[in-house]
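> predicted model follows, preceded by the sequence.
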2 protein chains.
Amino acid sequence: MELIYHNKTKSHYSRTEQMDTLSFTPHDHSACIADAVRTAEQTCRESGLRLTAQRKRVLEILLSGHRAMGAYDILDILKEEGQTAQPPIAYRALDFLVQHGFAHKVERLNAFIACAHPGEDHAPAFLICSDCRRVAETPSAPARALLAEAAAEAGFRIDTAVIEAVGQCPDCAEPAA
Amino acid sequence: MELIYHNKTKSHYSRTEQMDTLSFTPHDHSACIADAVRTAEQTCRESGLRLTAQRKRVLEILLSGHRAMGAYDILDILKEEGQTAQPPIAYRALDFLVQHGFAHKVERLNAFIACAHPGEDHAPAFLICSDCRRVAETPSAPARALLAEAAAEAGFRIDTAVIEAVGQCPDCAEPAA
DNA sequence: GCTCCGACTGTTATAATATAACTTGGAGGC
DNA sequence: GCCTCCAAGTTATATTATAACAGTCGGAGC
Ligand SMILES: [Zn+2]
Ligand SMILES: [Zn+2]
Ligand SMILES: [Zn+2]
Ligand SMILES: [Zn+2]
């Protein structure tokens, strides 16, 4: 399979803006997990936050695949690991992770994913594959700028914006060959 | 496609694209309701759809304010009107209205609004006022185009996209003067 | 008119997602 | 040691959504 997506027109996305959508790209995933955990640990150390065992474990669970997971999916895993695990356990850990940028909530799915670019201060759009449930982050600054423009014309001041696309990822879009 | 999104002065939104965000604009709201109901009736007549009494009543309830309402908010109103009204009553009517473009689901709120531009074949972005809970539709075609471009670079084909902004509407943004 | 069919409605039950409220525990500062 | 604070544990409940099946109604065709 040889797909080339850059051949048509000039990109609006500069090199430095290129946030690779690695969920859909083969990569060393155990390194990917280790990196994310290390980044979270370091960020917390620097900011005086407490990445407790529970929070770290929930982050690791989210990181195990680049898929959105419901709070109760996470709870089930914690239970299998021997915890008693009532809902607030999962929701509190998720709140912490989302609050501090280590995870995101996918509104369309009422579910959560580990952030693929922790520490980068980004406001991603999500690409949600309806076939395999994988979710990737993609840059959204240009789209957000246009949205802000449209909002401004209505006198509306945007605090946050949710941008989530549903469709087929590269793997699932291939004809069933 | 030639878009320059850093240009402050020139609008990317043509006159004909101007979907006035009337939720935030004073207007003859009873005419607004009547128009929407009439449009729905006509569209259904033309398309062989059945705008039953339940569906019409739910549409009217949604139209009563330019706010997002939960399915159970609607159920409560139906109950006050003497119906027995179990959840599927509301969800079925909402499914129909959303399916055929007479209403939208606001993912961020898990709630529904009447479409402000029925029959226009549009894919709006929503502007959600966090203070007064009013919701307006605004054009999103330019932002969607950029999102599609970013997705294409990842080999992702978009079927649908949710674009929802939370912030302050013109009325609520005014300093408490 | 009658019948059949398909779509809508009524009803019961339950699933899935999320939070409130209060108690217990534990690390660190003083 | 003791206090404070925040996290974790626990119970209960709120909110959002769907499954499943039984009744009803209206129009198409005969
Ligand atoms: Zn990975
Ligand atoms: Zn996929
Ligand atoms: Zn109106
Ligand atoms: Zn407002």
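Received it, and whenever you're ready, just let me know what you need. Ligands and ions are numbered 1, 2, ... in the order given.

> give the partner strands of the strand ranked longest in chain A in its sheet and their orientations.
Longest strand in chain A, counting residues (DSSP state E): strand A:157-168. Using DSSP bridges, the strands paired with strand A:157-168 are strand A:125-129 (parallel), strand B:157-168 (antiparallel).

> alpha carbons of the next helix or strand after it, as CSV, please.
Next helix or strand after strand A:157-168 toward the C-terminus (DSSP states H and E): helix A:170-173. Taking Å, rounded to 0.1, in the frame of the first residue of the first chain, the C-alpha atoms of helix A:170-173 are listed here in CSV:
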residue,chain,number,x,y,z
PRO,A,170,-6.4,5.1,6.4
ASP,A,171,-6.4,1.4,7.3
CYS,A,172,-10.2,1.1,7.3
ALA,A,173,-10.7,3.3,4.2
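
> tell me the mean pLDDT over helix A:170-173?
Taken as a whole, helix A:170-173 carries a mean pLDDT of 90.

> contacting residues around it?
The contact list for helix A:170-173, computed with Cβ atoms under 8 Å, 6 or more residues apart in numbering or on different chains, reads A:3, A:24, A:129, A:131-132, A:167, B:154-157. Every residue, glycine included, has its C-beta placed from N, CA and C.

> ligand 2: which of the strands paired with strand A:157-168 is closest?
Ligand 2 lies closest, by Cβ to the ion, to one member of the strands paired with strand A:157-168: strand A:125-129, at 3.1 Å.

> quick one: the helix or strand following the closest one near ligand 1?
Downstream of strand A:125-129, the next assigned helix or strand under DSSP H and E is strand A:135-138. No: contact of strand A:135-138 with ligand 1 is not found when judged by Cβ under 5 Å from the ion; the minimum separation is 10.4 Å.

> the helix or strand following strand A:135-138 versus strand A:157-168: what angle between them?
Using DSSP H and E, the helix or strand that follows strand A:135-138 in sequence is helix A:141-153. Using axes from the mean of the first three to the mean of the last three Cα atoms, to 10 degrees, the inter-axis angle of helix A:141-153 relative to strand A:157-168 is 130 degrees.

> so which residue is smack in the middle of chain A?
The centroid of chain A falls nearest to residue A:115 when counting by Cα atoms, centre = their mean (4.0 Å).

> which residues of chain A fall in helices?
For chain A, applying DSSP state H gives helices covering A:29-47, A:53-63, A:71-80, A:87-99, A:141-153, A:170-173.

> what's the pLDDT at the closest residue to residue A:114 other than its chain neighbours?
Using Cβ to Cβ, 6 or more residues apart in numbering or on different chains and skipping residues adjacent in sequence, the residue nearest residue A:114 is residue A:62, 3.9 Å away. Looking at residue A:62, its pLDDT is 97.
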